[in-house]
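1. Generate coordinates for the sequence data below:
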Amino acid sequence: MDPLKVEHSQITEYLRSRRDIGLKTSTLYRELESIRAFHRYLFAEGLSSKDSAAKASSPKLIHALPQTLSVGQVERLLASIPDKKSNQVRFKAMLELLYATGMRVSELVNLEPHQLDLDSGFARVMGKGKKERIVPLGKSAKAAVRNYLALRSKKFKDRPHDARAIFLSNLGKRLGRGLFWRELKAFAKAAGILSNCPSGAEGGKLGWLGASDCAPEFAREIFGQTEVGVLARLVHSRFGLHVVEVLKREPGLVQPFEAVRGAVAMALQQTSFVTALRQYLALLAGSARVQGIEIEAAETAFL
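-> This is a model prediction of the structure:
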């Protein structure tokens, strides 16, 4: 096809064919912008008598709704942030303020000391168009900010810093949006990488589970319940603490014995092995002198 003879209807038809093969609207939009730039160039250089792409119809961009966290999920997230280092204390204070006030990140990093009244529990936020609003602060937010301000005062006591800014970088300058987002991404990444749970490799997704598919202590917390959704408690297992969301439950079906004979035999074998192991360890502990830890001991194999 000669690009000098292309009509805008042909461009629209091309985009429609691209959409029909499953391309995203955002991809089609970028392609159209490239086509428009090309035809503008041809027209500006006198190589074409018209701008063929000027009247081409733009694909309507569809913006997906953002995923949100429940109140319980956010509270557990905030509680999981370590606060041993100065940047961790600062990060926790910033997240607590964001959650408590609903302010934008740009409003957060531009906060100044006179805008916070921790005694009264309010913050004056300057938004778009120089519009000011007053938002309340909860106990957790006030505590986190006070903790950070005490550390900040000590850290920059004899060092030059921007006294007009609340949140400072290690160099004493106002913290920028970019650094906050990097810290947020690093925390999210660490939360996944440092997970001891085997499901971490699958993004935390376990799929359909039966009681025999997971650690016994985990199964005891999950099965035999009716809860659906994010559980209102942390689930303990040998791998640590878990925030668990149950998407769906299916009632079990009674199986004929022949269908479960192998599973029953395996369960009995495992129980026998665990019992024998406990007996052996108890006999060893009974015949040894162990210090620094309490171990169940026995003089005979009967527990």
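2. Flag the shaky bits of this structure, pLDDT-wise.
-> 1, 3, 57-77, 188-206, 231-234, 239-242, 252, 295, 300-303 (pLDDT under 70).
3. Can you give the domain ranges for it?
-> Domain assignment for the chain by automatic domain parsing gives 1-64, 72-193, 203-246, 258-303.
4. any chance of those domains in TSV, plus mean neighbour count?
-> C-beta coordinates here come from the backbone N, C-alpha and C atoms, glycine included. Formatted as TSV, these follow (neighbours: other C-beta atoms under 10 Å):
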stretch	mean neighbour count
domain 1-64	13
domain 72-193	15
domain 203-246	13
domain 258-303	11
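5. wait, doesn't residue 51 sit right on residue 41?
-> No: assessed by C-beta atoms under 8 Å, residue 51 is found out of contact with residue 41, at 9.6 Å.
6. Quickly find the element holding residue 220.
-> Taking DSSP states H and E as the definition, one finds residue 220 inside helix 216-222.
7. Which strands border the very next helix or strand once past that helix, and is each parallel or antiparallel?
-> Where DSSP H and E defines the elements, the next helix or strand beyond helix 216-222 is strand 229-230. Each strand paired with strand 229-230, and its direction, by DSSP bridges: strand 245-246 (antiparallel).
8. For the strand it pairs with, give me every contacting residue.
-> Taking contacts as C-beta atoms under 8 Å, 6 or more residues apart in numbering, the residues outside strand 245-246 that touch it are 222, 227, 228, 229, 230, 231.
9. Turn those into CSV, including distance to residue 37.
-> Shown next, in CSV, are these (distance: C-beta to C-beta, whole Å):
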residue, distance to residue 37
222, 55
227, 55
228, 51
229, 49
230, 47
231, 52
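10. residues contacting the closest residue to residue 168 other than its chain neighbours?
-> Nearest non-adjacent residue to residue 168, counting by C-beta to C-beta, 6 or more residues apart in numbering: residue 161, 5.7 Å away. Applying C-beta under 8 Å, 6+ apart, we find residue 161 in contact with 168, 172, 173.
11. any idea how far the last one is from residue 112?
-> As for residue 173, its distance to residue 112 is 14 Å (criterion: C-beta to C-beta, to the nearest Å).
12. Off-centre distance for the helix holding residue 220?
-> Taking C-alpha atoms, centre = their mean, to the nearest Å, one finds helix 216-222 lying 24 Å from the centre of the chain it belongs to.
13. who's in contact with it?
-> Residues outside helix 216-222 that contact it (C-beta under 8 Å, 6+ apart) are 209, 211, 212, 214, 235, 236, 237, 238, 242, 244, 246.
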